[in-house]
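J.: Mind folding the following:
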Amino acid sequence: MSRRAVLVRAPAAALAPRLGAQRQPSRFPYGSRPAQPGTGPASQGQVTHARQVIVAGPGGTPVGVYVYTPGATPGPGTRPVDTLSQSSDDPYGNVTLPGDTSYAITASPIVALQNNGAGLFWYYWTGSAWSGMFSTAIGDAGTAAETLGIENAAGNAGWQIGNSECLLLGSVGPLTAAGRLPAISGSGLAGYYPIIATDNTTNGPGNVTTAADVTLAWPVPSGDFASKTTYIIDTDLLLTAGTTAENISFGISVNGTNTTLVTIGSSAFTAGDSYVGPARLKLIAQASGADAYLVSLSGRLTLTTSSLTGVDLNSASTAVAWSAGANTLALFAQFAGAGGSAQLCNGRGSQFTACGV
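T.: So this is what the prediction gives:
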């Protein structure tokens, strides 16, 4: 039987699509077709399978992909939840952010996460415009020393990860009232990251009987002082006795008010000799109010020509006045008398550490 005869004898119902049968989508690959301008909006409730989607249009008009909350009717005042566009608004005049952006439109205020190719940026809606909060920052891009960090809107880094020397800050809670960053190590040790600052100047008294700071007068902002807060000043001292050895006192200076912690008699020194050694001034707050803390001084001055000869600086006190506002903190020294032109006591730089809650 010929092929033509088979086709003629086949019932018409066998050649027609079955009633109720679902039409299958076309299969890949599609043939190459020239790009056609869109005529939108597209029909509703359709599923589109495509190998390539090209979105383009004239300048000055919204061009992109805009996704809205299911059930919402796109229009003025109805913000998209996702946009993929380089335009600054959607087709209905709602202000958007260029790039690949997601919006938490139910948050108060509304927030957005933008990926514009150069980094990730977090914004919030002020009611009239998008305002930056945080962003990622990449340093030394294209080299072997790339770093990735996160910054606030002012460009101040919060944390940074480097590909050669990795630094990862892990928080166990929000910042304390004094701005301390809590953290926990992999072993479970919990604490707070210290703030450390360094000064490289030389300070101290010479052939005079007036007190002088041997360290920088380190500033402590108002509101930083709280229970368990600890301030530490470290310095290296150089003391040279004059032609006549004199008594010398060391102590704490708060806002320029000096409190002596230890006095070393002249008999501990030999005229014309020099002594060096570390000194540490520590203040630990016991409560959040003024004048409630422990102060200690530790260190040792050793004769430069013999490490076996020296004198300790160890002392402690609680009788120090502390302002409820901003303060300055320093270690001071004071000779009891003018001991000759060679007499001096210098702090050769200092380091300030603030830690605790």
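J.: Just the endpoints, please. Distance across stretch 338-345?
T.: End-to-end distance for stretch 338-345, by Cα to Cα, to the nearest Å: 12 Å.
J.: Relative to the whole chain's centre, how far out is that stretch?
T.: What separates the centre of stretch 338-345 from the centre of its chain is 46 Å, taken as Cα atoms, centre = their mean, to the nearest Å.
J.: Roughly how far does residue 132 sit from residue 126?
T.: As for residue 132, its distance to residue 126 is 11 Å (criterion: Cβ to Cβ, to the nearest Å). For glycine as for every other residue, the C-beta is placed from the backbone atoms N, C-alpha and C.
J.: Of those two, give the one with the bigger neighbour count.
T.: residue 132 (14 against 10; other Cβ atoms under 10 Å).
J.: Could you pull up the mean pLDDT of the strand or helix carrying that one?
T.: Using DSSP states H and E, residue 132 maps to strand 130-139. What strand 130-139 shows for mean pLDDT is 76.
J.: just stretch 309-319 next, same as before
T.: 83.
J.: Can you give me the buried ones in that stretch?
T.: By 16 or more other Cβ atoms under 10 Å, the buried positions in stretch 309-319 come out as 311, 313, 315.
J.: Can you tell me which of those residues end up in strands?
T.: Counting by DSSP state E, the part of the buried residues of stretch 309-319 found in strands is 311, 315.
J.: nearest to residue 277, of the buried residues of stretch 309-319?
T.: Distances from residue 277 to those, taken as Cβ to Cβ, are shortest for residue 313 (7.9 Å).
J.: So what does the closest one look like in phi/psi?
T.: phi -110, psi 10 (degrees, to the nearest 10).
J.: Kindly provide the distance from it to residue 296.
T.: 10 Å.
J.: Residue ranges of each domain in the chain, please.
T.: Following automatic domain parsing, the chain resolves into domains at 56-168, 195-355.
J.: Which of those domains comes out lowest on mean pLDDT?
T.: Looking at the domains of the chain, the bottom one is domain 56-168 with a mean of 81.
J.: and stretch 66-78, how far apart are its ends?
T.: Start and end residues of stretch 66-78 are separated by 12 Å (Cα to Cα).
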